[in-house]
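Colleague: no letters, just coordinates:
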């Protein structure tokens, strides 16, 4: 799970100190950088307690596709937290790729809850639905800041340059001089090396795991780069049973090649209840698919699903266009090849049968029960040849493999 950069804001009487906004490291790693600030605030409730607000800012650049989720915490020391007439909110504004302002400053109330074991602390999250951000889906900026006020007293703004007093009676829309700013990106180009690389894709949710690609040592043959593009899922086809994708990315490996499997973790958009955005699934029905040259989605393999971190994980021996699709639970039988007949004549059309997602061996038998070929996983491909390298005679052949403790058999026709 990603490490977080925490910004702490302390509110006491009569002292103001600025801080420098933390810089996000390269997308392959993130370093924790603690920073803090203090500002004066006049409240309608006399108290000598110090109120501190902690927020987790979004990365400077992020891919679109999720709800904005920013954890926020308020604490006091030493007295118990007095929440009477206390209001803490996030305010945001969108700017499109051409610099045009798309909306007035808009308030996002933050609902807090108490931890009974910590009487000095309340916790919540600023949540902004992705449907409210479609104006910057293909590029633009999200500007936001936090505002805290208690009763009719003066409040305080928290922005990227520190804390600023909002003055007694000042509205929260009187923005600070420097708001937090996240630019929406659609592409990313990252270097990879045989030493091993973990690439995480920055997104708008700070409470789950981002989409990530992991290359173990020697998984890539030589130094190169991975080009990543976030696609508009509405422009891609549904799967064979009519279910559209919920997230689509294209990955292209340039200047090098895979020597074995890389790990692909795809993060899915979810609401606070864990339901996948735009579906009736809580994530358990999702699987990773890749788009074939014929425009048909093929399942990558049996997925590993984490409904807490909102991720689906699979292993891949190639890079292309991948999608998350809620197609129902995936079992061993779902890894059967889609090809029913292959024509291994070298014309590049229907030459092979693909056992995508099968990790172990696949055995090919003729109708007399004689084994003609053993294919080794992961994701083996049969090219219509026997173990000696010759193309088998035309006819019907039986395949057999095991996955998830289940043995699966089927037939494939060969026509030369």
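Modeller: That came in fine, so what should we check first? For clarity, every value in this text was computed on a predicted model and none was experimentally measured. Residues are numbered from 1 along each chain as shown.
Colleague: residue 358: what's it in contact with?
Modeller: By Cβ atoms under 8 Å, 6 or more residues apart in numbering, the residues touching residue 358 are 301, 335, 377, 378, 379, 380, 401, 403. For every residue, glycine as well, the C-beta is placed using N, CA and C.
Colleague: give me the secondary structure label for it.
Modeller: coil (DSSP: H, G, I helix; E, B strand; the rest coil).
Colleague: quick one: pLDDT of it?
Modeller: pLDDT recorded at residue 358 is 84.
Colleague: neighbour count, distance to residue 193 and secondary structure added to the contacts of residue 358, as a markdown table?
Modeller: Formatted as a markdown table, the contacts of residue 358 follow (neighbours: other Cβ atoms under 10 Å; distance: Cβ to Cβ, whole Å; DSSP: H, G, I helix; E, B strand; the rest coil):
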| residue | neighbour count | distance to residue 193 | secondary structure |
| --- | --- | --- | --- |
| 301 | 24 | 26 | coil |
| 335 | 23 | 32 | helix |
| 377 | 18 | 26 | coil |
| 378 | 16 | 22 | coil |
| 379 | 20 | 24 | coil |
| 380 | 23 | 28 | coil |
| 401 | 22 | 34 | strand |
| 403 | 20 | 32 | strand |
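Colleague: relative to residue 342, which of the residues you listed is nearest.
Modeller: Distance to residue 342 across the contacts of residue 358 (Cβ to Cβ) is lowest for residue 380, with 13.7 Å.
Colleague: that closest one: what's it in contact with?
Modeller: If you count contacts by Cβ under 8 Å, 6+ apart, residue 380 has them with 355, 358, 361, 362.
Colleague: rerun at 6 Å
Modeller: 355, 362 (Cβ atoms under 6 Å, 6 or more residues apart in numbering).
Colleague: verify the contact between residue 285 and residue 326 for me.
Modeller: Yes. Using Cβ atoms under 6 Å, residue 285 is in contact with residue 326, at 4.5 Å.
Colleague: the two: who's more crowded?
Modeller: Counted by other Cβ atoms under 10 Å, residue 285 and residue 326 do not tie: residue 326 has more neighbours, with 21 against 18.
Colleague: next one: the more buried one from residue 287, what distance?
Modeller: Separation of residue 326 from residue 287 (Cβ to Cβ, to the nearest Å) stands at 8 Å.
Colleague: and what of residue 405?
Modeller: Per Cβ to Cβ, residue 405 is found 19 Å from residue 287.
Colleague: how about residue 102?
Modeller: Using Cβ to Cβ, one gets 35 Å for the distance from residue 102 to residue 287.
Colleague: more crowded one of those two?
Modeller: Taking neighbours as other Cβ under 10 Å, residue 102 and residue 287 compare with residue 287 leading, 25 against 14.
Colleague: number of residues surrounding residue 333?
Modeller: Neighbours of residue 333 using other Cβ under 10 Å come to 12.
Colleague: residues touching the spatially closest residue to it that is not a sequence neighbour, list them.
Modeller: Leaving aside its sequence neighbours, residue 333 sits nearest to residue 408 (Cβ to Cβ, 6 or more residues apart in numbering; 5.4 Å). Counting by Cβ under 6 Å, 6+ apart, residue 408 touches 332, 333, 401.
Colleague: quick one: residue 408 is in a strand?
Modeller: Yes. Membership of residue 408 in a strand is supported by three-state DSSP.
Colleague: how about the residue nearest to residue 207 when sequence neighbours are not counted, phi and psi?
Modeller: In this structure, residue 207 finds its nearest non-sequential neighbour in residue 69, 4.8 Å apart by Cβ to Cβ, 6+ apart. Main-chain torsions, residue 69, degrees, to the nearest 10: phi -130, psi 110.
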